[in-house]
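Colleague: structure for the following, please:
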Amino acid sequence: MIGRPTRVVLADDEARYRDTIRELIDATPDLAVVGEAGTGREAIAVVGTSRPDVVLMDVRMPDVDGIAATARLTAGAVLPRVLVLTTFDVDDNVFRALRAGASGFLLKDVPPPQLLDAIRTIAAGESLLAPRVTRRLIAAWMDRTPPRRVLDGVTPREREVLALITRGLSNAEIEVTLHVSRGTLKTHIGSLLAKLAARDRAQLVIAGYEAGLDS
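Modeller: Residues are numbered from 1 along each chain as shown. The predicted structure is shown next:
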């Protein structure tokens, strides 16, 4: 028995692109498009009425841009997961969107199977961050914005964990590097999320860069 499909809102000012993505999702049984928007302001309104699980958000839109829309959506009561869509992998706007609360980003020209998998990943509560691209993206931004975040209340061990997350290591790699169990690592990550008021791994990566833990 198939459960409720993942509800998706498409927010992009290119109607033709939305049509293409909608046709792709409509042909996928476990996903469903429940709304569309051509501007950030429309996206905020549509999300409020359709209550999606995931929003595919173009960062560059008229009226209210994707960054401001993402910030509004992730601070509201509905709390959908936002997957940012971009044409360029190194884009200041993508970093700003991640800081605003997006759970990951994806290039618009990815193969259809990868896009569908990305939606499922985000809907499952995980972040979508390709380590190499993410490091390059955030490093490009941080080169112009010196580290400034103070990690108040973070223990030395948690700081080690955060540093490895920031460098793009997976949980399995961190377990081996620090010689800790999966349960212990999850406890550390949960503590970091709470102490740094981070919604997910994407925001932990940004916090690590802001604290200068990327080297």
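
Colleague: from residue 19, how far off is the spatially most central residue of the chain?
Modeller: Central residue of the chain (C-alpha atoms, centre = their mean): residue 103, 1.6 Å from the mean position. According to C-beta to C-beta, to the nearest Å, residue 103 and residue 19 sit 25 Å apart. From N, CA and C alone the C-beta is placed, and that goes for glycine too.

Colleague: need the residues that contact whichever strand or helix holds residue 96.
Modeller: Under the criterion of DSSP states H and E, residue 96 resides in helix 92-100. Applying C-beta atoms under 8 Å, 6 or more residues apart in numbering, the external contacts of helix 92-100 come out as 57, 59-60, 65-68, 70-71, 74, 82, 84, 86, 104-105, 137-138, 140-141, 202-203, 205-206.

Colleague: just the buried members of those residues?
Modeller: When the contacts of helix 92-100 are checked for burial by 16 or more other C-beta atoms under 10 Å, the buried set is 57, 59, 65-68, 70-71, 74, 82, 84, 86, 104-105, 137-138, 141, 202-203, 205-206.

Colleague: helix/strand/coil for residue 61?
Modeller: coil (DSSP: H, G, I helix; E, B strand; the rest coil).

Colleague: to clarify, my last question referred to residue 83.
Modeller: strand.

Colleague: burial of it, as a residue count?
Modeller: Counted with other C-beta atoms under 10 Å, the neighbours of residue 83 add up to 25.

Colleague: that one contacts residue 107, doesn't it?
Modeller: No: at 11.4 Å, residue 83 and residue 107 do not qualify as touching, with contact defined as C-beta atoms under 8 Å.

Colleague: where does this structure dip in pLDDT?
Modeller: 1-2, 77-78, 88-91, 129-147, 214-215 (pLDDT under 70).

Colleague: where do the strands of it begin and end?
Modeller: Secondary structure of the chain (DSSP state E): strands at 6-11, 31-37, 54-58, 81-86, 104-107.

Colleague: thinking again about what came up before, dump the helix holding residue 96 to CSV, restricted to CA.
Modeller: Once non-C-alpha atoms are left out, helix 92-100 reads as follows in CSV (Å, rounded to 0.1, in the frame of the first residue of the first chain):
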residue,chain,number,x,y,z
ASP,A,92,26.2,34.0,-3.5
ASN,A,93,22.4,33.8,-3.6
VAL,A,94,22.5,30.1,-2.9
PHE,A,95,24.6,30.6,0.2
ARG,A,96,22.2,33.3,1.4
ALA,A,97,19.3,30.9,0.9
LEU,A,98,21.0,28.3,2.9
ARG,A,99,21.5,30.8,5.7
ALA,A,100,17.9,31.7,5.4
